[in-house]
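**Student:** Here's a sequence, model it:
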Amino acid sequence: MSVNQQAHPGPPYGQPQPGYQGFQQPAYGGQSLPGAPQSQYGAYNGPVPGYQQPVPPQGYFPSLGFPSKGSPVSLNSDTSLAPNFIGSLRAPPTSGAPPPASGASHPSGHVAYSQFEHGDVQNGIPASAAPMQRPPASQPFLPGSAPTPVSQISTFQQYGPPPGSVQQLRNHMAGMTIGSTAASAPPPAGLGYASVPPVSGSVSATGSGLYTPYSASQGPPPPSVSQALPVAQPPFPGQTIPTQRLPAQVPGFTPPPPSAGVGPSSYPPTTGAPRPPAMPGPPLPGQTLAGPPSSQPNHVSSPPPPSTMAGLHPGPPMSGLHGPPPPTHPPQPGYQMQQNGSFGQMRGPQPNYGGAYPGAPNYGSPPGPPPPPKRLDPDSIPSPIQVIEDDRNNRGSEPFVTGVRGQVPPLVTTNFLVKDQGNASPRYIRCTSYNIPCTSDMAKQSQVPLAAVIKPLATLPPEETLPYLVDHGESGPVRCNRCKAYMCPFMQFIEGGRRFQCCFCSCVTEVPPHYFQHLDHTGKRVDFYDRPELSLGSYEFLATVDYCKNNKFPSPPAFIFMIDVSYNAVKSGLVRLICEELKSLLDYLPREGNMEESAIRVGFVTYNKVLHFYNVKSSLAQPQMMVVSDVADMFVPLLDGFLVNVNESRTVISSLLDQIPEMFADTRETETVFAPVIQAGLEALKAAECAGKLFIFHTSLPIAEAPGKLKNRDDRKLINTDKEKTLFQPQTSFYNNLAKDCVAQGCCVDLFLFPNQYLDVATLGVVPYQTGGSIYKYAYFQLETDQYRFLNDLRRDVQKEVGFDAVMRVRTSTGIRATDFFGAFYMSNTTDVEMAGLDCDKTITVEFKHDDKLSEDSGALLQCALLYTSCAGQRRLRIHNLSLNCCTQLADLYRNCETDTLINYLAKYAYRGVLSSPVKTVRDALINQCAQILACYRKNCASPSSAGQLILPECMKLLPVYLNCVLKSDVLQPGPEVTTDDRAYIRQLVTSMDVAETNVFFYPRLLPLTKADVDSDSLPAAIRNSEERLSKGDIYLLENGLNIFVWVGVNVQQSLIQNLFGVSSFSQISNALSTLPVLENPFSKKVRSVVDMLQGQRSRYMKLIIVKQEDKLEMLFKHFLVEDKSLSGGASYVDFLCHMHKEIRQLLS
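**Tutor:** Sure, this is the predicted structure:
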């Protein structure tokens, strides 16, 4: 179910793009920008169907058989008999005999259902079996014009004869075996049909026994009662697909194609099978029935009455099958009144979720035992795995060309190539929606937050070009006179090129004489393709001295390594490990493109209760140590010789790093200071008049007498109280003031923590967080198991690209403005995001609000400008531009949203909320906002249908599952094993994560290693995060960006255990392994290469944890199976979906 919209072809760039002569280009030796694509990409036309059907109306875009972006997914929880599942009504058996159960041979003319291998889950909207009309392969793109709207349609064509007798009505609920001989017969393999247990006791002859009355005043029944039916199941082999007439569509909403079949295959019709008629469902109270019901896309239908399952042959309709009795019936004694639809509230073991289905009265016969609880089939609800897979298949093969305004990029989980043709790559900026409402009223109505997740220094894959560096000399970049926006592709040149009109504020500015160029016949400058700032979405300018502090060019930055040498750090072997590693790591300091050596200078400090500074001047034979014991008034005891060039002072530095572990080997000092350490680094950078980074290696709560001294305030009793928020707040404002001073100097702090007990991450993390730094935490650090992870993190942290003394500002075109910011930074005013350091992994999330109307014609523009000092001391401006569409129809907004980005924003919003509000309030607000987003869609964009259906927009159908993962996360719902420090750490970490990182953090990737193809380079296909997907005979890998779990089932073949772990039995596998043993066999090589591939995709080195089934560590592993109920009380996906549906229904009523 791809989040695809029609791929608009890029602009017809007629001329090849020459290289940018005369521009420095880091790491790319003047190579020319790739030219415009040779072919225009038309919309993907889907697989060739197996048989012809009448062509659906214009306006459908098959994308591997899924409706075009914006078609809704709907989950039907209606216990009434409305035929609102996708695709067909079930065809009645031609002979009255039951269809074959799984394993039975198929009669001739039937296609065996074998599309998915063992373990695959297929769900979601089936592929359309009808051949779709192909939109024109290439549409001309006129710069500035909006993409051509798709022609709308008002009705479906009706196929087949009109409905005949009511007799053909029975069993039209999707997903049940029709008239099967035994209700509990196993379902066909791979289909994910839930087999329904036989109803205990006799089924009343009237057939109405299982219908529950409902009254309008009552809430819906419990959510855990769920239906056993898949969304959009494939029809049984040999079934014809009738399509019912849709009511007139909501303007601007393109209905999905008639669906039939799953995936690329389709099924030939059964010869001679009559077409089942469309059957109207029961009218709701006070509602009249007119005309055939609307055929709704993607419904999860509720289970048919058991009379259709109990082995009865299809016969005349039974009385009472027309839905629940009207609400005038009194409830029978002992049974709760139930409302039609079964997503809702009940009293269970946990508030809002879970529990059993109360029985229902049997009208017209004595009440029998209550039916067994029904359960919504997990295969029938939207699957993240399927959505990710479909997007990869549909969008992974073509480059994403950024020339068209408002294009939704492929998902972050898809591997794709970007061609910059005027808008910034999605690697730099992703938005929650690429089509934003024209008015603030529309935005308020939809409740969809308008936000951009910006990663200004993102790393690009090797096959993409780094931003070009443009040098305009002493005059500096060309800017708008009024709003100071930088020259970009959206500026309009007028008066023959002598002036330009700003695309942000409409002010007209003179073009400086040196920048003048004539215009061609289209109004474009003749040098359009020679200037990155006119033709590309992202580029850099060399800043002039006016952009520098105190109007003088900056010095190259410095790195200061500050090592805790208290008893814990020495005893654990940490001090020796750090010193050994630094000897070689200093050769890999970051450097500018083609420089011989890094310009960064280094310095060293050790500390416990006092600080030791080291003079490592190259002229010295031995390093000199100077001790500062007055930590209350910190100063740097030496200027010359503290910050040095590595190559010049190499022998002195090596000597120092050899001596430090020996000097403190016998220390008995257990207490440490912390704030004075940061102050010392800050003073050293001030004295050297440069920006830089402090790498602090710290082990314990700083309780020694000094500024910033902390006390142990950890108190688990505060959890779930109004005071819980204090656990996330710093215990003193001292560190906020210190952070402010650090930002002013460009002193960024990276903190490596090695705690054995409470350390108060919420307070110690303030300075790293506000200076744009990072925190790494290694609880209960042990040399043999944790050193590899720590050293990998340290190496990457020291080597990665980083900008210093950075200021970022986001400008927008008239109508919207940036109002709120999330991330690791400091703000002294309302517009400038200040960071002492900004590295290639950090993101800043910006929320926008309307301050005026927008127009559909001009759209909306963002320009992110980042001023920073490079690691060579060069002052630069990095510019990213993005143009978005604007809409007057809500359906267009919902068709162009990006759920992964939305979740990234919502998580950050919630994680900031816990600082000031009780966690429960934050959780409720999240649920309420998402319910409002989906209710607005349901009310304004979806075709009318029964209230018992949950209808989700196509590109937001994963919102409930992902939102539930955020709600169950350790910050918002901690289990008993989660420490206060863990929660504070995760809170800070997530706040500066990019979209790909939050995606895998909240919904981890689960891979069946035993299914991996040892001969291919690819990863095995992922499976859903639920315990019921695990098999005892297999080995699985789960990763979430911080940890990698390898779960081994108890029944795994002994040969696999031998090949992977080098031991002969399950019981001999050691939990203490921190890396997999290197064994010379294909399976071991494959698994290690999978682990290496995953490690390479993440910004931190993930900790490897081996989990044996039924072992104590399994509880930790199960915490990450996010579709299941969590031990800390979080709902399962199925239950949460029911709960969301209840919330939406309450809003709609």
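**Student:** For this structure, give me the ranges with low pLDDT.
**Tutor:** Per-residue confidence for the chain (pLDDT under 70) gives these ranges: 1-374.
**Student:** Would you tell me which strand is longest in it?
**Tutor:** Ordering each strand of the chain by length in residues (DSSP state E) puts strand 875-887 first.
**Student:** list the helices and strands it packs on?
**Tutor:** Contacts defined by 3 or more C-beta pairs under 8 Å, 6 or more residues apart in numbering; DSSP states H and E place strand 875-887 against strand 429-431, strand 435-437, strand 538-542, strand 860-869. Placement of C-beta: from N, CA and C, glycine included.
**Student:** dump the residue contacts of Leu926.
**Tutor:** Going by C-beta atoms under 8 Å, 6 or more residues apart in numbering, Leu926 touches Leu906, Ala910, Leu963, Val966, Leu967.
**Student:** go again using 10 Å as the cut-off
**Tutor:** Leu926 makes contact with Leu906, Ala907, Tyr909, Ala910, Gly913, Leu963, Asn964, Val966, Leu967, Leu972, according to C-beta atoms under 10 Å, 6 or more residues apart in numbering.
**Student:** Give me the distance between the third one and Val526.
**Tutor:** When C-beta to C-beta, to the nearest Å is applied, the distance between Tyr909 and Val526 equals 47 Å.
**Student:** quick one, which of these two is more surrounded?
**Tutor:** Neighbour count, other C-beta atoms under 10 Å: between Tyr909 and Val526, Tyr909 has more, with 20 against 11.
**Student:** Grab the CA positions of the one helix or strand that one maps to and hand them over as PDB.
**Tutor:** Element membership for Tyr909, per DSSP states H and E: helix 899-913. Output of helix 899-913 as PDB, limited to C-alpha atoms (Å, rounded to 0.1, in the frame of the first residue of the first chain):
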ATOM      1  CA  THR A 899       3.000   9.200   8.500                       C
ATOM      2  CA  ASP A 900       6.600   8.600   9.500                       C
ATOM      3  CA  THR A 901       7.300  12.300   9.700                       C
ATOM      4  CA  LEU A 902       4.000  12.900  11.500                       C
ATOM      5  CA  ILE A 903       5.000  10.300  14.200                       C
ATOM      6  CA  ASN A 904       8.500  11.900  14.500                       C
ATOM      7  CA  TYR A 905       6.800  15.200  15.200                       C
ATOM      8  CA  LEU A 906       4.200  13.800  17.600                       C
ATOM      9  CA  ALA A 907       6.800  11.800  19.600                       C
ATOM     10  CA  LYS A 908       8.900  15.000  20.000                       C
ATOM     11  CA  TYR A 909       5.900  17.000  20.900                       C
ATOM     12  CA  ALA A 910       4.900  14.500  23.600                       C
ATOM     13  CA  TYR A 911       8.400  14.000  24.900                       C
ATOM     14  CA  ARG A 912       8.600  17.800  25.500                       C
ATOM     15  CA  GLY A 913       5.200  17.700  27.100                       C
END
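**Student:** any idea how far the closest residue to Phe504 other than its chain neighbours is from Glu533?
**Tutor:** The shortest distance from Phe504 to any non-neighbouring residue, by C-beta to C-beta, 6 or more residues apart in numbering, is to Ala485 (4.5 Å). Distance of Ala485 to Glu533, given as C-beta to C-beta: 11 Å.
**Student:** swap in Asn904?
**Tutor:** 29 Å.
**Student:** cool, Ile436 as well?
**Tutor:** Going from Ile436 to Glu533 by C-beta to C-beta gives 25 Å.
**Student:** More neighbours: those two, which one.
**Tutor:** Using other C-beta under 10 Å, the more surrounded residue of Ile436 and Glu533 is Ile436, with 27 against 20.
**Student:** State the pair within the contacts of Leu926 that is farthest apart.
**Tutor:** Gly913 and Asn964 (17.4 Å; C-beta to C-beta).
**Student:** Which of these two has more residues huddled nearby?
**Tutor:** Ranked by neighbour count (other C-beta under 10 Å), Gly913 and Asn964 place Asn964 first, with 28 against 18.
**Student:** Does that one touch Phe1136 like I think?
**Tutor:** Yes: counting by C-beta atoms under 10 Å, Asn964 touches Phe1136, with 4.1 Å between them.
**Student:** Between these two, which contacts overlap?
**Tutor:** Ile927, Glu1123, Gly1130.
**Student:** how about a markdown table for those residues, with distance to Asp820, neighbour count and secondary structure added?
**Tutor:** Shown next, in a markdown table, are the shared contacts of Asn964 and Phe1136 (distance: C-beta to C-beta, whole Å; neighbours: other C-beta atoms under 10 Å; DSSP: H, G, I helix; E, B strand; the rest coil):
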| residue | distance to Asp820 | neighbour count | secondary structure |
| --- | --- | --- | --- |
| Ile927 | 21 | 18 | helix |
| Glu1123 | 32 | 23 | coil |
| Gly1130 | 28 | 22 | coil |
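**Student:** Look up how far Phe697 lies from Ile578.
**Tutor:** The span separating Ile578 from Phe697 equals 6 Å under the rule C-beta to C-beta.
**Student:** Between those two, which contacts overlap?
**Tutor:** Both Ile578 and Phe697 are in contact with Phe561, Ile563, Asp564, Val565, Ala569, Phe752, Phe790, Leu794, where contact means C-beta under 10 Å, 6+ apart.
**Student:** Is it correct that the last one falls within a strand?
**Tutor:** Meaning Leu794. No: counting by DSSP: H, G, I helix; E, B strand; the rest coil, Leu794 falls outside a strand, being helix.
**Student:** Identify the nearest residue to it in space, disregarding sequence-adjacent positions?
**Tutor:** Excluding the flanking residues, the one nearest Leu794 by C-beta to C-beta, 6+ apart is Glu581, at 6.4 Å.
**Student:** Now do the contacts for that neighbour.
**Tutor:** Shown in contact with Glu581 (C-beta under 10 Å, 6+ apart): Leu657, Gln787, Phe790, Leu791, Leu794, Arg795, Val798.
**Student:** ditto for Pro513
**Tutor:** Per C-beta under 10 Å, 6+ apart, neighbours of Pro513: Ser475, Arg498.
**Student:** which residues touch stretch 712-722?
**Tutor:** Against stretch 712-722 from outside (C-beta under 10 Å, 6+ apart): 701, 703, 723-727, 731, 757-760, 762-763, 917-921, 973-974, 976, 978-981, 983.
**Student:** List only buried entries from the residues you listed.
**Tutor:** Listed as buried from the contacts of stretch 712-722 are 701, 703, 724-725, 727, 758-760, 762-763, 917-919, 973-974, 978-981, 983; burial here means 16 or more other C-beta atoms under 10 Å.
**Student:** what about the residue nearest to Leu457 when sequence neighbours are not counted, distance to Ser397?
**Tutor:** Spatially, and ignoring its direct neighbours in sequence, Leu457 is nearest to Cys840 (4.6 Å; C-beta to C-beta, 6+ apart). The gap separating Cys840 from Ser397 is 27 Å, by C-beta to C-beta.
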